[in-house]
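1. Got a predicted structure plus its sequence, pasted below:
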Amino acid sequence: MISSKLPKMFYGGDYNPEQWDQATHQEDLRLFKLAGIDMATINVFSWAKNQPDENTYHFEWLDELIDSLYENGVFVCLATSTAAHPAWMATRYPDILRVDADGRKRKFGGRHNSCPNSPTYRKYSERIADKLAERYRQHPAVLVWHVSNEYGGDCYCDHCEQAFRVWLQNKYGSIEELNRVWNTAFWGHTFYNWDEIVLPSNLSEHWGDNKSSFQGISLDYARFNSDSMLECYLLEHNVIKKHIPDAVVTTNLMGFFKQLDYFKWARHMDIVSWDSYPGLNTPYSYTAMAHDLMRGLKDGQPFMLMEQTPSQQNWQPYNSLKRPGVMRLWSYQSVARGADTIMFFQLRRSAGACEKFHGAVIEHAGHEHTRVFREVAQLGKELQQLGDKTLDSLVEARVAILFDWDNWWAVEKSSGPTVALKYVDQVHKYYAALFNRNIQVDMIGTDADFAKYDLVIAPVMYMVKPGVAERLERFVQGGGTFLTTFFSGIVNENDLVTLGGYPGELRKLLGIWVEEIDALLPEQKNRIVVTKEYGSLKGEYECGMLCDLLHSEGAEVLAEYGEDFYQGMPALTRNRFGQGSAWYVATDPDQPFLDSLLRQICEEKGIRPLLEAPAGIEASMRTKNGKQYLFVMNHNAEAQTYDFGDRSARDLLSGTEITGSVTMNGRDVQILELA
Amino acid sequence: MISSKLPKMFYGGDYNPEQWDQATHQEDLRLFKLAGIDMATINVFSWAKNQPDENTYHFEWLDELIDSLYENGVFVCLATSTAAHPAWMATRYPDILRVDADGRKRKFGGRHNSCPNSPTYRKYSERIADKLAERYRQHPAVLVWHVSNEYGGDCYCDHCEQAFRVWLQNKYGSIEELNRVWNTAFWGHTFYNWDEIVLPSNLSEHWGDNKSSFQGISLDYARFNSDSMLECYLLEHNVIKKHIPDAVVTTNLMGFFKQLDYFKWARHMDIVSWDSYPGLNTPYSYTAMAHDLMRGLKDGQPFMLMEQTPSQQNWQPYNSLKRPGVMRLWSYQSVARGADTIMFFQLRRSAGACEKFHGAVIEHAGHEHTRVFREVAQLGKELQQLGDKTLDSLVEARVAILFDWDNWWAVEKSSGPTVALKYVDQVHKYYAALFNRNIQVDMIGTDADFAKYDLVIAPVMYMVKPGVAERLERFVQGGGTFLTTFFSGIVNENDLVTLGGYPGELRKLLGIWVEEIDALLPEQKNRIVVTKEYGSLKGEYECGMLCDLLHSEGAEVLAEYGEDFYQGMPALTRNRFGQGSAWYVATDPDQPFLDSLLRQICEEKGIRPLLEAPAGIEASMRTKNGKQYLFVMNHNAEAQTYDFGDRSARDLLSGTEITGSVTMNGRDVQILELA
Amino acid sequence: MISSKLPKMFYGGDYNPEQWDQATHQEDLRLFKLAGIDMATINVFSWAKNQPDENTYHFEWLDELIDSLYENGVFVCLATSTAAHPAWMATRYPDILRVDADGRKRKFGGRHNSCPNSPTYRKYSERIADKLAERYRQHPAVLVWHVSNEYGGDCYCDHCEQAFRVWLQNKYGSIEELNRVWNTAFWGHTFYNWDEIVLPSNLSEHWGDNKSSFQGISLDYARFNSDSMLECYLLEHNVIKKHIPDAVVTTNLMGFFKQLDYFKWARHMDIVSWDSYPGLNTPYSYTAMAHDLMRGLKDGQPFMLMEQTPSQQNWQPYNSLKRPGVMRLWSYQSVARGADTIMFFQLRRSAGACEKFHGAVIEHAGHEHTRVFREVAQLGKELQQLGDKTLDSLVEARVAILFDWDNWWAVEKSSGPTVALKYVDQVHKYYAALFNRNIQVDMIGTDADFAKYDLVIAPVMYMVKPGVAERLERFVQGGGTFLTTFFSGIVNENDLVTLGGYPGELRKLLGIWVEEIDALLPEQKNRIVVTKEYGSLKGEYECGMLCDLLHSEGAEVLAEYGEDFYQGMPALTRNRFGQGSAWYVATDPDQPFLDSLLRQICEEKGIRPLLEAPAGIEASMRTKNGKQYLFVMNHNAEAQTYDFGDRSARDLLSGTEITGSVTMNGRDVQILELA
């Protein structure tokens, strides 16, 4: 259990004292105490400082820093400093520099700048992780190892091209098999030799906004690129484990980050950690979904909120302040959904360069008399009072939404039928329908155990990987409810169409045949007419984007199209299959349709909301040792009242007992310990 | 006469059995029969399959395929497979890869990927055409030779640069002459040596959206690039003719495709063929105009509709289905305007890669029980019933619209006076005014014989090539009516301004002097006030974009501007010249202005509509051996009624006799054999 | 005094007879006389003609041209012809070609095409200037030397990279100091060696629309690039001065041109000259501000209007004609604000290439019977009548607006808080508030003498250079009024934040502390509520974009925010400081707010409008030998009446005496000689 290593809810953030003098560091320590800060992520961008040339390493400053923090009650999340390579390394070993999708060799600058298949990068990043692990293996301050930082980006250099060919050889064995799965007979792309394969880029197969002439090639490149970075992570991870077998090793993920298949990554992380930066207009249901996904990566285990801004970001077009109370509200939202740590980027704001306008606990003013600092310190105090009550508690859900990176890539690389289809947006529509009713959801991968759930939803399950259809059939056969949508069951894991009629491998389960798929213009709409009332699902709804023209092959039709030449064809079907049933939503409906549909499906399955409350009040529950902690969060700026009925509970934050009609202030939070 | 070679109205499309197994091919043959398909375009993208290395060729599969098709009543349009080069060729001979306008060397991928001046490409493409022609010269199945596929794109590599210099030397003889016609004294661009000339690209003279600092250079590059591809075509064409002197050789064109001067190309094609892919919102008048242009390329000879989609495309942003009846309607539209063949891309839909979401006769479902297949089969049956009635028939028009690729290039490379001017859009406005009245139009090049027509329209005749002004003068002198517009008569074939006053060489003919040209903002408008009523042309109209400020030098003024400081200056003039008259439309008017103007000009010339019918009913006539076939097409989704008066005719499709008030179903078609 | 060298108000423009034959040149001379043209800028783009190879120079044509002009009463502004290098030079010495921000080596083409650090360019450009100066040092026709043309652009080649490192070494001395000022400890960018530094480009630190990961690096590159071009200018300048110590040397500037720090450049120019090309919708207050800036570059000295178009431009998206009277009106506007010369681009319109659609005195028609020519000739006649009355007169202002290129660069390279902040737009809002009331303004640099003014305005003074805060404090202490805005006082000259609280070095002077800066979405607004009426400043106003959350530290609060969580916090403050006061506008207000605020500040300081007149009537005054010349310009298309009260004056243009109620025609101009 990870909590033996992280025995409290730590509070802190990224800290870069190498940008400052000693006096400032001493002042920081004073302020950390005021704010209740007890963990600092350090050494994230210090590679150049640590290693001024090939053979010299300087860690004395780090020794002093770690000691100084530890003596002041601040534990350390120790980064390996490989997130940006030193300038001298780029000058002397240009293989470390990336080549972009336009074939342009990068020069030194920025971050995310190392080629993941660079021999130089791999050699020196592994070596410095080795040295750090050896040096600090026994230091009591170091609780977490933070490999590199926010892995991402891609590279199209010759080293990557060579590595891609090897990766393909390992995967496919023969060039004939590769030609088959990529369908290279199309456009005469047959390869006779591995060396003929080039990376798919804007110079070869890619064009426009992320479109590819050969989805099979591009899909494999996306996997290869994710794997290449994962190998870099593993080189460091493994060398740390060599010195410290029970080290807690992580790297900070980024929620719905398209380039890396986090399900694959999470297998090699002792704890998931992630950086949450909602944009100015991000719905809070979207942030909640990202937390749920991060929790889902390791099958429900709690995670670290590694970064969030105390108030302002700097890289949005318009960087608004977090309103009073919002930082606290969003911090608790992360805890409510699985976070056991709350960390900021950053503890002190830089005086120069890119992020000097990014918020920090200690602002440019340099003292504690700021709104931001006061809010941070207040939360620090609360967390100390809360103690370890919720630590290690879990979230339990009867509904799962299936999320799959391969599918994400494949859906959006497709040329046709519409550029409007965005996978995550579709997933979010179904998530929101549940979230808005405070129904707990797990975000799961394709190889999760479906049997744990009563309802599994797979929006736009375009790609069906081997065995998944069978496992879904077993799940439904055994009484489960499955729901999927238009543009599902189309291809296999290589983006080859399952022939014989859509939705391919899901056809039997769903009891339908999709003959055609119409793509609508943005301004074009159709209507869904409910022909068989289902709970509150009745009357008419709007739909658009894609409309499947389908025939029932045994499924019950609950709604049909209201317009166009396919007026009267099914728009919503349910297929009884064994003990369970399988739903198909044939088009992209408006949100009220989904709200009503999912409300009724949940009712039927006896899945109840955690809390019936006015709009904008979010509830999430964590459970531990038989105790339930219900987090209630008012996202409204104004006070709201909800009815707790004859239940009663103690609010761990205010210390008050609540029951009956409960009024919460705007942006306030309750953690209700249920009897 | 081409019909001796193509003795029926063939029906078929692109077919790629190399992507499938034998069983599938056998099933295809069964389905072809069901659909009435009797021609298949094969071998389009099989270069890699045909030639796995420098010296090995495998055509056995092709032998079998052609035999198998032939035995099943399917003739062959044999492609030369040079539309995409093999991967091994790109790896071993990088000269075959293009360099783009940003100077980026491409890697293997996509199609349209061979440099037209690559020695490797020229050598191997000629050689494989040679081998194919030798091998299949006597095969009775092979009716048409299809060189490469959809030529297009451009290249900026060193081979092209060298070839450009040679092309220029051949054209201009001396560097002094080149300096003169390019006006290189401007900006000190004088060249002293041919080797100093570089290709105009984004690295040299080009910027923004297709603009050039030196239009003369860019214009010659556009010609050179078109010629380079034509040379590639000719290499294959000639080697086929060496083996089969009477071969029918073509390559599939693409309508209003900017990069290639199709008038020049068509001289070397035995029959024009083209691929018609109306976009989602393409007006059907635009499609009609494209058909007319394709027919005009070889002076009215019938053409092949080489490709159209049975229903869906995949490369539009939003790929809607063709509504029921639309495929049939548009197929007949092509026949009505000159097609003697109806072909699809594609006969069977690919299972993987770029075009797997492009429609096909045989969809992924794989059987005949689909709406698409049924519509294809229905049309196949109709075509068999229709037989060769209309085969080889011609379209006769008394109105011609002059279209010129050089002018297109020059107009849109110009820096000033407005970015809003799009040549084809202007041409379409005049075309639509005639089309909407069912007045037959020929689209002709600058060297066509004007005397065949009563009315010649040359919208935005910016460039006047040598001799054209004189020929137009003779035409009008002899009684013809000529109409041109603002921004005409400005430059010669080298984009050098004809000095002394616009419209330069057309000034005498038009009897006007254009002193200034005002460019209006998109939201700015002026008005045309008709001062001399002309048929239904009266009152006021809106105009914009460009407004010529002109003085009559003898021309009669029929309308003037209603606003701005040039209020009262002429906006529409007619100059009596010899027996005829020459019109000038001084600005970009709204469509009602053009409708009324052209209606009256036609009335005066005695040019009558083929059919007076409600909006959306299109008529076009083909004539053969004194028989007239009037195609009537209802583009409306709803039924419409037109008055056929006391004429009577037999509808070849329904077999019924029609007269008087005739009601057509939505999207229905009639082919009326006139007595 | 420059007027000893330029003893009259010259009238002319760019002239390129090398594009024409002798007969045309003779015709030009006739037309110049008709138009009153007495100065021609020649040899701008003749490098290739002058120097056909490394060692050959041909100036005979220039000898003849200069003589011919001189004999016909036309003086010469002699360009050095280095604005575009010859093609042969690019072929033989590729170092002369630039590399763009994407790392792409340019090929020969366009203009602005020479790398400013190219050894070849520096060698040959200096040498040809040397030869020209030696040859024409005593020619009486040559009055002005025009070095190159419209310097601009940037280069990222290896020569520039090497030169940048040397420039940095000279500036910073040690790599440690460079690391400090660039704050390279951020993101581990520490440099150990000068050779590790690369140019900031799209391949290193830049991304998006002009954003940088390291503002310090990018800021120094912007300075370096401006200095590199200035060095090129100086090479030519110095070699001219070697031959002709009292030569009048200039180069044509371009108003608010971001890339070059014109304050630095102007020190090395004997007279400022500039090219004024208002875009289609440019407010005339913006043009006025540009003239004032150009006058301010050399501390108020009169300047040359080196280029303007007689009517049309060609490089705007939509190139409208100048309406009748507008060319005259705008010409006098330039004179009213400091121009002592009126020149056009161009005297004769080119027949081919990029600028053939750019207006000219002699149009393609080639004769004098055009509207454009008539307007030019009318103005020529007027200028002759006006004589040297206003020559060398000065503009006197009591209000200064501080403008700083370094600040411009720094503000807009910043990542955060908003992409909406555009420095020049902010400056223009304050300028317009004064301009609209006909209050004369000087545009000054940061090292100007503030004591000359009663009111100094520094909008968005983000960067405070060394000593400037102290000098502003002394200015206010002595009774001056200072006004600055949100996002001021943030950083020092290296873009390092002044720690301890915004507005940093200006905090004492302004008596405030800015705790936070909120960025608003484009559609978001706040309100300013005036709490202490100030003249006509009362009630409420709209504001947006950025809102400072500030605390008064002694400053008087005159207005506060009306909304959001910072409702009630100060939005406008005034701090009494010594004898003067310092204003702070905490957000981006609507124009009525600024109009009222500046009206009242001016009233308090006794700064009166030059003329109270209806909207659209601009007034500016030049003064000479105690005489005042009040230029009154009616920008309205319609006649307007203003009240001249009991004052009386003679209008030098109409010759009439005016007093009382004065009516001006639309677009008319008066030059009132005040008693």
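-> Looks like it arrived, so ask away. Numbers count the residues shown, from 1 in each chain, chains lettered A, B, ... in the order given.

2. Surely A:Val427 is in contact with A:Met289, unless I've mixed up the numbering?
-> Yes - the criterion here is CB atoms under 8 Å, and A:Val427 meets it with A:Met289 at 7.5 Å. (C-beta placed from N, C-alpha, C; glycine too.)

3. per-residue confidence for A:Met1?
-> We have a pLDDT of 59 for A:Met1.

4. just A:Ser4 next, same as before
-> With respect to pLDDT, A:Ser4 has a value of 78.

5. Equivalent analysis for A:Asp209, please.
-> Looking at A:Asp209, its pLDDT stands at 78.

6. which residues sit in contact with it?
-> A:Val419 (CB atoms under 8 Å, 6 or more residues apart in numbering or on different chains).

7. Now the phi/psi pair for it, please.
-> In terms of degrees, to the nearest 10, the main-chain angles of A:Asp209 are phi -90, psi 80.

8. which residues touch the nearest residue to A:Asn492 once chain neighbours are set aside?
-> In space, A:Asn492 comes closest to A:Thr498 once its chain neighbours are excluded; the distance is 6.0 Å by CB to CB, 6 or more residues apart in numbering or on different chains. For A:Thr498, the contact set (CB under 8 Å, 6+ apart) comprises A:464, A:489-492, A:504-505.

9. Dump those residues to TSV, plus neighbour count and secondary structure.
-> Putting these into TSV (neighbours: other CB atoms under 10 Å in any protein chain shown; DSSP: H, G, I helix; E, B strand; the rest coil) gives the following:
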residue	neighbour count	secondary structure
A:Val464	26	coil
A:Gly489	26	coil
A:Ile490	27	coil
A:Val491	25	strand
A:Asn492	19	coil
A:Gly504	20	helix
A:Glu505	23	helix
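
10. and which of the residues you listed is nearest B:Gly578?
-> Distance to B:Gly578, by CB to CB, is smallest for A:Ile490 among these, at 66.8 Å.

11. so that closest one sits right up against A:Gly504, yeah?
-> Yes - A:Ile490 is within contact range of A:Gly504, at 6.3 Å (criterion: CB under 8 Å).

12. Look up how far C:Gly504 lies from the residue nearest to A:Asn492.
-> To C:Gly504, A:Thr498 is 65 Å away according to CB to CB, to the nearest Å.

13. Chain C contacts on the stretch 251-400 of chain A?
-> When proximity is defined as CB under 8 Å from any CB of the partner chain, the stretch 251-400 of chain A approaches chain C at A:280-281, A:311-321, A:323-324, A:350-358, A:363-366, A:370-372.

14. rerun at 10 Å
-> A:280-281, A:311-321, A:323-325, A:349-359, A:363-367, A:369-372 (CB under 10 Å from any CB of the partner chain).

15. Mind checking which of the residues you listed land in helices?
-> Members of those lying in helices (criterion: DSSP state H): A:371-372.

16. Can you select the buried ones from the residues of the stretch 251-400 of chain A next to chain C in ChimeraX?
-> Per 16 or more other CB atoms under 10 Å in any protein chain shown, the buried members of those correspond to this ChimeraX selection:
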select /A:311,312,313,314,315,316,318,319,320,321,323,324,325,349,350,351,352,353,354,355,356,357,358,359,363,364,365,366,370,371,372
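
17. quick one on the thing from earlier: spell out which residues are contacts of both of A:Ile490 and A:Gly504.
-> Residues touching both A:Ile490 and A:Gly504 (CB atoms under 10 Å, 6 or more residues apart in numbering or on different chains): A:464, A:497-498, A:514, B:364.

18. Nearest to chain C within the stretch 1-150 of chain A, name that residue for me.
-> In the stretch 1-150 of chain A, no residue comes nearer to chain C than A:Gly109, which is 3.0 Å away by CB to the nearest CB.

19. One more: the stretch 551-675 of chain A?
-> As assessed by CB to the nearest CB, chain C sits closest to A:Ala637 within the stretch 551-675 of chain A, at 9.0 Å.

20. I'd like the secondary structure assignment at the nearest residue to that residue once chain neighbours are set aside, please.
-> What sits nearest to A:Ala637 in space, not counting adjacent residues and going by CB to CB, 6+ apart, is A:Gly666, at 4.5 Å. Secondary structure assignment for A:Gly666 (DSSP: H, G, I helix; E, B strand; the rest coil): coil.

21. For A:Gly666, give me its contacts.
-> A:323-325, A:329, A:616, A:634-640.
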